[in-house]
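Colleague: this one's sequence-less:
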């Protein structure tokens with residue numbers, strides 16, 4: 001039976017609300033282990049923290065469906081004498097925030113060894129104390145804001161467990177807005193929720209592939225978990241899952257980004273890193289259209305996915321993306337119908353003709 005809207009809301013919120021910065025994905029992995037174990041004939045964690053599950057005892061091409069566990073964030077680069085936390089980007093250039101329009105004013109949490117040890121807000125000088133220089137600057141770098149956790153000294157912050165190198169992530173609970181769910185870490189927790197919903201939806205006896213699910217670490221800083229998994233495991237085909245870009249908001253010009261929310265999953269032909277495997281991509285599109293599942297063709301710039309790591313290791317890789325607005329922010333938004341349709345597409349593919357091994 002197709003997944004219900006209520007179940008989508010619950011599954012997405014459960015995963016998005018967990019703390020899982022890059023390199024500290026423990027809470028997410030343990031949640032998935034508990035959720036997947038009843039459906040798995042084999043379940044293991046590799047040396048770097050990737051979770052891998054075999055579903056049932058299916059035969060045919062060895063197919064991996066995977067998504068990453070980590071979320072975007074910052075690292076503590078210094079603690080001031082008066083207890084403020086200075087930040088570095090945890091993903092890319094340390095001087096640039098991941099998405100500079102959305103930082104100041106958002107609640108945050110500091111994570112140490114997988115545990116939240118402090119809460120605070122991303123802050124910057126404001127209002128009456130702004131200098132002419134600050135008012136004239138039209139952009140924010142990481143050096144222009146800081147984290148205030150309500151401490152009066154470095155010693156107080158350290159006593160809470162804060163240290164240089166600790167992770168900082170958003171602290172925003174997922175919530176419903178009509179048929180949408182809004183929250184942090186939709187990238188990539190919503191896709192992990194889709195994998196759990198697929199297990200709940202799937203009839204293992206109907207599998208026409210040897211199905212494996214993977215949850216990888218450290219995607220946001222360079223696909224490292226996927227690279228490690230690709231170096232140790234071989235699959236006939238890999239379907240990477242990630243957030244889909246959308247252009248259906250004001251300000252953007254028509255055609256800037258052709259894909260939209262509410263029009264179904266996106267099968268991506270290419271992104272900034274690679275052109276995905278053509279035959280596998282077309283198989284997914286054909287399965288969707290034959291089953292009456294709404295589907296979109298996609299091409300993404302300024303974007304890459306775990307699929308690249310598997311492709312580079314010599315495996316056929318495709319990318320299925322569920323549309324998300326406001327990516328890499330604390331208010332990432334997904335449509336419940338798009339989530340449900342992505343589950344249906346994956347279910348139709350793994351129970352359809354076993355074509356994943358074809359070149």
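Modeller: Received, thanks. Owing to the predicted nature of the structure, the values given are computational and were not obtained by experimental measurement. Numbering: from 1, shown residues only.
Colleague: please, which helix or strand holds residue 28?
Modeller: Under the criterion of DSSP states H and E, residue 28 resides in helix 26-36.
Colleague: what angle do the very next helix or strand once past that helix and helix 26-36 make?
Modeller: Next along the chain after helix 26-36, taking DSSP H and E as the criterion, comes strand 40-45. Interaxial angle, strand 40-45 versus helix 26-36 (axes from the mean of the first three to the mean of the last three CA atoms, to 10 degrees): 170 degrees.
Colleague: what strands line up against strand 40-45, and which way round?
Modeller: strand 51-55 (antiparallel) (DSSP bridges).
Colleague: need the residues that contact the partner strand.
Modeller: Under the contact criterion CB atoms under 8 Å, 6 or more residues apart in numbering, strand 51-55 has outside partners 29, 32-33, 36, 39-46, 69, 199, 202, 204, 207, 210-215, 229, 233. All C-beta spots, glycine's among them, are computed from the backbone N, C-alpha and C.
Colleague: now those: which count as buried?
Modeller: 29, 32-33, 36, 39-40, 43, 46, 69, 199, 202, 207, 210-215, 229, 233 (16 or more other CB atoms under 10 Å).
Colleague: list the helices and strands whichever strand or helix holds residue 189 packs on?
Modeller: Using DSSP H and E, residue 189 sits within helix 186-201. Helix 186-201 is packed against helix 5-16, helix 26-36, strand 62-68, strand 210-216, strand 237-244, strand 316-325, strand 332-335, helix 336-350, with contacts defined by 3 or more CB pairs under 8 Å, 6 or more residues apart in numbering; DSSP states H and E.
Colleague: now that helix: average pLDDT?
Modeller: What helix 186-201 shows for mean pLDDT is 97.
Colleague: same check on stretch 154-165?
Modeller: For stretch 154-165, the mean pLDDT works out to 97.
Colleague: kindly report the same for stretch 214-234.
Modeller: Stretch 214-234 comes out at a mean pLDDT of 97.
Colleague: list the buried ones in that stretch?
Modeller: So stretch 214-234, judged by 16+ other CB under 10 Å, has buried residues 214-221, 223-230, 233.
Colleague: thank you, goodbye.
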